[in-house]
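Visitor: below are the sequence and a predicted model; questions follow.
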Amino acid sequence: MLRIYGSPKSRALRTLWMVGELGLAYDHKDYLPRAPETKTPDYRALNPNGRVPTIDDDGFILSESMAINFYLAKKHGSSLYPADPQHEAAAWQWSLWETDRLDRQIVNYVRHSKELPEGERKKDVADSAWKEIVESFDVLETALAKSQWLAGPAFSVGDLNVASALYRALSLDLAKWPHVQAWLNRCWERPAAKKARAMRE
C-alpha cells in the first residue's frame with residue numbers, strides 16, 4: 001500500500017490532494033516539517049534530507065511533492081497527467097516555475113504580514129516577497145487570460161501543483177488578477193481539494 005509521510009500543514013498537502021483525485025487508498029504518517037519523527041534514523045533512511053513529504057509506494061521511495069504528484073498521476077494512468085507531450089511539458093514548466101517564483105515568496109509574505117506574532121514580523125521581508133509575488137501573478141494572469149488551465153484544455157497535475165502551492169493565496173486580495181482568482185477558486189472547489197484543505201484546517 002502507498003504510505004505518505006507528511007502533514008497537510010506542509011507541502012504534503014498537494015500529495016494528499018492528488019491521492020484524493022486518484023481515489024487511492026493510503027496510509028498516512030502526519031509528520032510536520034522538522035518534527036522529531038523526521039530526524040529518526042528510520043526516516044532519514046527514506047529521506048536523507050529529513051523533509052516531508054516522502055512516499056513509500058510498495059518499496060519505491062520518492063520525495064519532493066511535485067515529483068511525487070507527477071509520478072502518481074502517470075503511474076495510475078490518470079487524465080491529470082497530460083497525454084500530449086506539449087501539454088505534459090507545460091505542466092512541468094509551470095510546476096518548476098512555481099517553485100522558483102512563488103513558493104517561498106508566498107510563505108514569506110503571509111508569515112511576515114499575517115501569521116507571525118506582530119513582534120516577529122519583518123516588514124522588509126514581506127515587502128520584498130510581495131514585489132516578487134506581484135510580478136509572478138502578472139505572468140500567471142497573462143497565461144490564464146488565454147486559457148482556463150495551465151497545461152492544456154483540462155485541469156491537470158500542473159494546475160494542481162501550482163494551485164496547491166498557492167494555498168496561502170486564498171487569503172489574499174487577488175482582485176487585480178481576476179483570471180488568477182477565478183482559476184484558483186476553480187481548482188480549490190474540486191472535491192479532492194476541499195477534502196485536503198479540511199485536513200489542513
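Guide: Yes, it's here. Numbering: from 1, shown residues only.
Visitor: contacting residues for the closest residue in space to residue 152 that isn't next to it in sequence?
Guide: Leaving aside its sequence neighbours, residue 152 sits nearest to residue 87 (C-beta to C-beta, 6 or more residues apart in numbering; 3.5 Å). Quick note: C-beta positions are derived from backbone N, CA and C, even for glycine. Shown in contact with residue 87 (C-beta atoms under 8 Å, 6 or more residues apart in numbering): 151-152, 156.
Visitor: and the strands in the chain, which stretches?
Guide: Per DSSP state E, the chain carries strands over the ranges 2-5, 26-29, 54-57, 60-63.
Visitor: and these as CSV, adding distance to residue 195 and mean pLDDT?
Guide: Shown next, in CSV, are the strands of the chain (distance: least, C-beta to C-beta, whole Å; pLDDT from 0 to 100):
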stretch, distance to residue 195, mean pLDDT
strand 2-5, 14, 98
strand 26-29, 12, 98
strand 54-57, 18, 98
strand 60-63, 22, 98
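Visitor: so which of those is nearest residue 17?
Guide: Using C-beta to C-beta as the measure, strand 2-5 is the one of the strands of the chain that comes nearest residue 17, at 11.3 Å.
Visitor: mind listing what's buried in the closest one?
Guide: 2, 4-5 (16 or more other C-beta atoms under 10 Å).
Visitor: cheers, nothing more for now.
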